[in-house]
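In: quick one, what's the 3D model for this:
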Amino acid sequence: MTIARLSDLADKSACRRLVVKVGSSLLVGRDGVRRGWLEGLVAELAAARARGQDVIVVSSGAIALGAARLGLDKGGRASLADAQAAAAVGQIALSGLWAELLAAHGLTAAQLLLTLEDLEERRRYLNATATLTRLLDAGAVPVINENDSVATQEIRFGDNDRLAARVAQAAQAQGVLLLSDVDGLYDRNPADPGAQLLDEVRGVTAEIHAMASGGSSSGMGSGGMTSKLQAAEIAERAGIALAIASGLHDAPIARALGEGIGTLFLPLRKDGARKAWLGGRLHLKGALVVDAGAARALGKGSSLLAAGIASVEGEFRRGDAVAVRDAEGQVLAHGLSEYDAAECRTIMGRQSGDHAALLGYAPRPAVVHRDQMVLL
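Out: Now for the predicted structure:
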């Protein structure tokens, strides 16, 4: 059974493993932690466990909690140093809170703090997958947040929406529920008269992206509708259904799934594990810009050859993940380069027969092999 409607996220036969993301504005209010609301949410998570579903929580709130305790301006987001300090203080309180409330239902909480590189570097990604699998097999509820105390601006998710999608992929979950401060995706600004909530989306297109706004309406979190759509793109390539629903109400999961209030993004395809990992990458080391002929060949399943490369961007090493773009800037694929950037510049636009003389060694068959590439 596959997920076809919001209510299926509560059906263990369709969604054996569910990731629930909780935004900062839901967990922390003006007067601190919204404990009563959180107790109700934890009761819903316990009910999901009781009906046979594995549950993973991706919880924001550490920076907001820590900023309040340290008295930092702008919710702890005035600078990267403030955010890191606030996270260090707030994460203790946040993990303790989840552990306490889950324990009241006989459930064991497990804390995982992840950085972007933990899910982008292949070996560390596989380690995270193994840890999540073992915790779930042991009956624990993983509670995950970005490790904001050590993540730098260049190597961080920056929002927990995309983190939730990547965690779902690593954990081989079937569904993701992003609880936010909006009911879902509207066809225009929800404040506009006549704005319509979209019940279902089949593929995140440029038209769908145009409906989004970038910021967090609460001013407390770091995400917005744009980050949620990017999360949906990661999920849909991995065969995972993703829903956006409001968490402003009591018992938000029951309201969203029971009453069908939210937006469900249906998966478009089920890439293999390695290609789903490649397609969901957020941190790429460079780009290969290809000509029209190479773009057509890639669309037919071919590897990327040096002859079709028009320019090389960035500095990367062999084995690094790079984007493959056309001349108009559209990203066609992600792949692992068989050459470093300098070598790519040496052989770009040249036929394979020239490569040995140019490089001084026997060349590899392709710059990006089709087995190490995923089309987007």
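In: what kind of secondary structure is Ala307 in?
Out: helix (DSSP: H, G, I helix; E, B strand; the rest coil).
In: how close does the residue nearest to it when sequence neighbours are not counted sit to Ala306?
Out: If the residues on either side of it in the chain are set aside, Ala307 comes closest to Gln351, at 5.4 Å by Cβ to Cβ, 6 or more residues apart in numbering. (Glycine included, C-beta is placed from N, CA and C.) Relative to Ala306, Gln351 is positioned 8 Å away (Cβ to Cβ, to the nearest Å).
In: the two: who's more crowded?
Out: Ala306 (25 against 10; other Cβ atoms under 10 Å).
In: so what's the more buried one up against?
Out: 344, 347-352, 355, 367 (Cβ atoms under 8 Å, 6 or more residues apart in numbering).
In: now, of these, which are buried?
Out: Using 16 or more other Cβ atoms under 10 Å as the burial test, the contacts of Ala306 include 344, 347-348, 355, 367 as buried.
In: kindly reformat those as TSV and extend each row with pLDDT, secondary structure and distance to Arg51.
Out: Formatted as TSV, these follow (pLDDT from 0 to 100; DSSP: H, G, I helix; E, B strand; the rest coil; distance: Cβ to Cβ, whole Å):
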residue	pLDDT	secondary structure	distance to Arg51
Cys344	96	helix	52
Ile347	95	helix	57
Met348	96	coil	55
His355	94	helix	58
Val367	96	coil	49
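In: ramachandran coordinates for the residue most central in space within the chain?
Out: Centroid check for the chain by Cα atoms, centre = their mean gives Arg162 as the closest residue, at 2.3 Å. Backbone torsions of Arg162, given as degrees, to the nearest 10, read phi -70, psi -30.
In: give me the distance between it and Val367.
Out: From Arg162 over to Val367 the distance is 28 Å, taken as Cβ to Cβ.
In: check Ala47 too.
Out: 51 Å.
In: for Asp271, which non-adjacent residue is spatially closest?
Out: Arg237 (5.5 Å).
In: same thing with Gln196?
Out: Gln196 sits nearest to Asp187 (Cβ to Cβ, 6+ apart), 4.9 Å away.
In: can you get me a residue count around the one you found?
Out: Neighbour tally, Asp187, other Cβ under 10 Å: 15.
In: now Leu376
Out: 13.
In: again, but for Gln196
Out: With other Cβ under 10 Å as criterion, Gln196 counts 10.
In: next one, pLDDT for it please.
Out: On the pLDDT scale, Gln196 is placed at 91.
In: so how far is Tyr186 from it?
Out: From Gln196 across to Tyr186, the span is 6 Å (Cβ to Cβ).
In: Thr108 now?
Out: 39 Å.
In: then Arg5?
Out: In terms of Cβ to Cβ, Arg5 sits 19 Å off from Tyr186.
In: what about the two, which has more around it?
Out: Tyr186 (20 against 16).
In: is the more buried one bridged to anything, and to what?
Out: Leu197 (DSSP bridges).
In: below-threshold pLDDT in the stretch 51-200 of the chain: ranges please.
Out: The model of the stretch 51-200 of the chain has pLDDT under 70 over residues 151-156, 158.
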